[in-house]
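Asks: structure of the sequence below:
(one chain, ligands or ions: 2)
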Amino acid sequence: MGKIIIDCDPGIDDSLALMLALSSPELEIAGITTVSGNVPADMGTGNARKVLRQMGRLDIPVYTGESVPLKCSYTDAMDTHGRDGLGESFLPEVQGEFPEGSALEFLEKTLEKEKISIIALGPMTNLAKLFLKRPELIGQVEELVSMGGNFRSHGNCSPVAEYNYWCDPDAAAVCYELFGEAGKKIEMIGLDVTRKIVLTPNILEYICRLDPENGDFIRKITGFYMDFHWEYEKIIGCVINDPLAVAYFIDRSMCRGFDSYTAVAADGICRGQTVVDSMDFWKKKPNSHILTETDSGKFMRFFLSRVLKKEDGSRWREEELSLLESL
Ligand code: RIB
Ligand code: CA
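Replies: Ligands and ions are numbered 1, 2, ... in the order given. Predicted coordinates for the structure are as follows:
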């Protein structure tokens, strides 16, 4: 499956995505880069390290990325993720010596050296800045899977825009344009599929029964998120967007979609909207693969069977998780 870099803004669902990636033997995580999104990049770095500590993987380096979008002023999402970015769990900071260098330096150095895939779970500021400076490095990106955007699903931070692409619309627009010019397609895991992935209180209870240790961590960081979803979307549970991007990277049968040319509106009332030319009006080569269908039950079995461990440290097999169907 291969070597990856995860670019993220942890963030509660980013943290669940990191837990899934860290529990997946198919992935070799070369490093994690953070970007200002849900929380400022430096807070995201501290939060990524809290997840790495939970999963016993502090050997993986984390590099802090861009603190503000390319052009827009920065708007965080702490109303959704809490003042600490992890649901106001206020987990202790990870102490220690960490590798020097910025996210852009790490991304540039790594791509100069080898082909690697990127799973992007936040605003695309780091990627846009790098590829504007070094467009030839796009050829080194095996695959870019981006959680962001929306095709027919309504927005989550404006009537038409998803947060990652709304937070830095210029970065998203640049990435889609440059990838198109390089003859590559971005795999867009947008709200059309991620809205179907809801962590409910019953599933959370099941998680805690199966694995009290990781379950307690997940419960600590998702409570605030559940309250937010009830208050603003009258959902019992919380939509966990980012882990689906990791699951799809590992198993392409997790989602289905179509190729299309996509542009991102950079400003005005449609700021951040992904304009997906599904009817090929513009006759432009596809620069994206838009995912529109997924199976939430399949995802949940996948997620639980990897992230949760039994007392003896072994994983739960998917066939042992039959109770999920009734939750
Ligand atoms: O719109 C949802 C996306 O924005 C998720 O990646 C969430 O973590 C935030 O970054
Ligand atoms: Ca995110």
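
Asks: any idea how far I5 is from the residue positioned nearest the centre of the chain?
Replies: Nearest to the mean C-alpha position of the chain, by CA atoms, centre = their mean, lies L121 at 2.6 Å. Going from L121 to I5 by CB to CB, to the nearest Å gives 11 Å. Every C-beta, even on glycine, is put in place using the N, C-alpha and C of the backbone.

Asks: G183 - how many residues pack around it?
Replies: Neighbour count for G183, taken as other CB atoms under 10 Å: 11.

Asks: tally up the residues packed near whatever residue of the stretch 201-327 of the chain ends up closest to ligand 2, please.
Replies: Proximity to ligand 2, evaluated over the stretch 201-327 of the chain using CB to the ion, is greatest for D242 at 4.9 Å. If you count neighbours by other CB under 10 Å, D242 ends up with 31.

Asks: against D277, how distant is it?
Replies: In terms of CB to CB, D242 sits 26 Å off from D277.

Asks: for P40, which non-adjacent residue is spatially closest?
Replies: Closest residue in space to P40, ignoring its immediate chain neighbours: S67 at 6.2 Å, by CB to CB, 6 or more residues apart in numbering.

Asks: ramachandran coordinates for that neighbour?
Replies: phi -90, psi -20 (degrees, to the nearest 10).

Asks: these two touch, right, it and A41?
Replies: Yes: between S67 and A41 there is a contact under CB atoms under 8 Å: 5.3 Å.

Asks: and the two? Which one has more around it.
Replies: Using other CB under 10 Å, the more surrounded residue of S67 and A41 is A41, with 26 against 13.

Asks: where's L130, which helix or strand?
Replies: Taking DSSP states H and E as the criterion, L130 maps to helix 125-133.

Asks: cool, and L144?
Replies: Assigned by DSSP H and E, L144 falls in strand 141-147.

Asks: which other residues reach the next helix or strand after that strand?
Replies: Per DSSP H and E, the first helix or strand lying C-terminal to strand 141-147 is helix 163-167. Under the criterion CB atoms under 8 Å, 6 or more residues apart in numbering, residues 9, 36-37, 69, 72, 74-75, 77, 120-124, 146-149, 155-158, 172, 264, 271-274 lie in contact with helix 163-167.

Asks: now do 7 Å
Replies: Contact with helix 163-167 is made by 37, 69, 75, 77, 122-123, 147-149, 156-158, 172, 264, 271-272, 274, as judged by CB atoms under 7 Å, 6 or more residues apart in numbering.

Asks: ok, and which of these reach ligand 2?
Replies: Among the contacts of helix 163-167, the ones lying near ligand 2 by CB under 5 Å from the ion are G122.

Asks: out of the contacts of helix 163-167, which end up buried?
Replies: With burial judged by 16 or more other CB atoms under 10 Å, the buried subset of the contacts of helix 163-167 is 37, 69, 77, 122-123, 147-149, 156-157, 172, 264, 271-272, 274.

Asks: closest to R195 out of those residues?
Replies: Distance to R195 across those (CB to CB) is lowest for N156, with 8.3 Å.

Asks: can you pull the contacts of the closest one?
Replies: Contacts for N156 (CB under 7 Å, 6+ apart) come out as E162, Y163, L191.

Asks: try it again at 10 Å.
Replies: Residues near N156 by CB atoms under 10 Å, 6 or more residues apart in numbering: 77, 80, 150, 162-164, 166, 191, 194-195, 232-233, 239, 241.

Asks: ditto for N287
Replies: If you count contacts by CB under 10 Å, 6+ apart, N287 has them with 175-186, 188, 259-263, 277.

Asks: once you drop chain neighbours, what's closest to it?
Replies: Nearest residue to N287, sequence neighbours excluded (CB to CB, 6+ apart): G180, at 3.0 Å.

Asks: looking at the contacts of N287, which are in strands?
Replies: Using DSSP state E, I186, M188, D259, S260, T262, A263 are the members of the contacts of N287 that sit in strands.

Asks: quick one: secondary structure of E293?
Replies: Per DSSP: H, G, I helix; E, B strand; the rest coil, the local secondary structure of E293 is strand.
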